[in-house]
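Participant: Fold the following and give me the result.
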Amino acid sequence: MSITNPAELVGMKKISEAVGTTLRKMREYARPGMTAKELDDYGGQILQEFGAKSAPRLTYGFPGWTCISLNNEVAHGIPSEHKILKEGDLINIDVSAELGGFWADNGGSFVLGEDKNNHLKLVNASKQILHKAIHQIKGGVRIADIGKLIETEAKKSGYRVIRNLVGHGVGRSLHEAPSEIPCFYDRFNTGRFRKNSIVAIETFISTKATLAHQNGDGWTFVTNDGSFVAQHEHTIMITDGKPVILTESNEIWN
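Facilitator: A predicted model of the protein is given here:
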C-alpha cells in the first residue's frame with residue numbers, strides 16, 4: 001500500500017508495533033526444553049493483548065499464531081508440541097498480523113542460549129546485510145539493485161542466498177505489490193521502490209543451499225542438503241531519504 005494520509009501511517013505504526021513487540025518478547029521468552037507450541041501460544045497471547053489477529057492463521061488457516069522454524073527449517077515452520085527447543089538451536093520466528101485493516105510482517109533468526117553449533121556468524125551476517133539493504137532503499141531505487149546488494153554482501157561473508165523466498169509489499173493485506181523483492185539480482189525485475197509505499201524486506205542467508213523445499217506437511221520449507229539459513233525482516237515505509245522502520249520494536253539489531 002501507499003500511505004496517503006496521517007491516519008494510515010498511524011494504523012501501520014500500531015500493527016507494526018504489535019508484531020515487532022511480539023517477536024521481541026517471544027525471542028526473550030524462548031528457553032531450552034520448551035515446546036514450539038508453548039512459545040507460539042505465548043506469542044498469540046501478546047497479539048491478542050494488542051487486539052491483533054495472526055495473519056497466517058487469518059489468511060491461510062495456518063496451524064499456529066506465528067511461524068517457528070528450527071535448524072534446517074527455513075520458513076513457515078509449524079509450532080507443534082513435538083518440537084522441543086534445545087540449547088544452541090538456530091530458531092526463526094516470523095510474526096505477521098492484522099489490526100484495524102492494516103497488516104505488518106517481521107521476522108528474525110537467533111541462537112538459543114550458548115552458540116554450541118556455531119550459527120551466530122550466520123545470524124549476524126543476515127542482520128547486518130538487512131541493515132545495509134534497508135538503508136539503501138528510497139523512492140526510485142530499482143528492486144533488482146537491492147537484490148544484487150543482498151546477494152553480493154552474502155558472498156562477501158562466505159554465504160549464499162535462498163532464491164525462491166522473497167520480500168513483498170504489505171499494508172492492506174499480507175502480500176501486495178511489489179509481489180517479489182528477492183535476495184538476488186533478477187535482471188528481469190524492472191520495478192522500482194515507490195515513495196510512501198510499505199514493503200517487507202527480508203534476507204534469507206544460507207550456508208550452502210540456494211533453494212528451499214517443502215517438507216511434505218504443506219507448510220514448512222527446509223533445505224535438503226543440511227544447510228542452515230538465517231532470516232531477518234522489517235516492515236518499512238519508503239521515503240525520499242532514510243526509510244521509516246515501522247517494526248523497529250523487534251530490536252533485531254540490538
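
Participant: mind checking how far the residue of the chain most remote from its centre is from residue 195?
Facilitator: Largest separation from the mean C-alpha position in the chain: residue 5, at 26.4 Å (Cα atoms, centre = their mean). Distance from residue 5 to residue 195, counting by Cβ to Cβ, to the nearest Å: 15 Å. C-beta coordinates here come from the backbone N, C-alpha and C atoms, glycine included.

Participant: And residue 129, by the same measure?
Facilitator: Look at residue 129 and residue 195: by Cβ to Cβ, they are 24 Å apart.

Participant: Let me see the ranges of the strands in the protein.
Facilitator: Applying DSSP state E to the chain gives strands spanning 53-54, 67-70, 73-75, 90-99, 102-111, 160-161, 167-169, 176-181, 198-206, 213-214, 221-222, 229-237, 244-245.

Participant: Name the stretch from those strands that approaches residue 28 most closely.
Facilitator: Of all the strands of the chain, strand 102-111 sits nearest to residue 28, with 9.9 Å by Cβ to Cβ.

Participant: Dump that closest one to PDB, restricted to CA.
Facilitator: C-alpha atoms of strand 102-111 as PDB (Å, rounded to 0.1, in the frame of the first residue of the first chain):
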ATOM      1  CA  PHE A 102      -3.700  -2.800   8.500                       C
ATOM      2  CA  TRP A 103      -1.100  -5.600   8.100                       C
ATOM      3  CA  ALA A 104       2.600  -5.800   9.100                       C
ATOM      4  CA  ASP A 105       5.200  -8.600   8.900                       C
ATOM      5  CA  ASN A 106       8.600  -9.200  10.600                       C
ATOM      6  CA  GLY A 107      10.900 -12.000  11.500                       C
ATOM      7  CA  GLY A 108      14.200 -12.900  12.900                       C
ATOM      8  CA  SER A 109      16.600 -15.800  13.500                       C
ATOM      9  CA  PHE A 110      18.600 -16.200  16.700                       C
ATOM     10  CA  VAL A 111      20.700 -18.800  18.500                       C
END
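
Participant: Tell me how far that strand lies from the chain's centre.
Facilitator: 4 Å (Cα atoms, centre = their mean, to the nearest Å).

Participant: and it, what's its mean pLDDT?
Facilitator: The average pLDDT within strand 102-111 is 98.

Participant: Can you give me every residue that contacts residue 137?
Facilitator: 146, 193, 199, 201, 236, 238, 243 (Cβ atoms under 8 Å, 6 or more residues apart in numbering).

Participant: Apart from its chain neighbours, what residue comes closest to the fifth one?
Facilitator: Leaving aside its chain neighbours, residue 236 sits nearest to residue 243 (4.4 Å; criterion: Cβ to Cβ, 6 or more residues apart in numbering).

Participant: same thing with the first one?
Facilitator: Using Cβ to Cβ, 6+ apart and skipping the chain neighbours, the partner closest in space to residue 146 is residue 133 (5.4 Å).

Participant: How about the contacts made by the one you found?
Facilitator: 146, 149, 150, 153, 201, 203.

Participant: if you set the cut-off to 10 Å instead, what comes out?
Facilitator: Shown in contact with residue 133 (Cβ atoms under 10 Å, 6 or more residues apart in numbering): 145-150, 153, 167, 181, 183, 201-203, 234.

Participant: How about residue 67?
Facilitator: Neighbours of residue 67 in contact, by Cβ under 10 Å, 6+ apart: 36, 40, 54-56, 73, 75-79, 92-96, 107, 219-221.

Participant: residues in contact with residue 202?
Facilitator: Residue 202 sits next to 75, 94, 105-107, 126, 130, 133, 150, 162, 165-168, 181-183, 231-234 when contact means Cβ under 10 Å, 6+ apart.

Participant: swap the cut-off to 6 Å and go again
Facilitator: Contacts for residue 202 were tallied using Cβ atoms under 6 Å, 6 or more residues apart in numbering; they are 167, 233.

Participant: pLDDT at it, what is it?
Facilitator: 98.

Participant: Report the separation between it and residue 169.
Facilitator: 12 Å.
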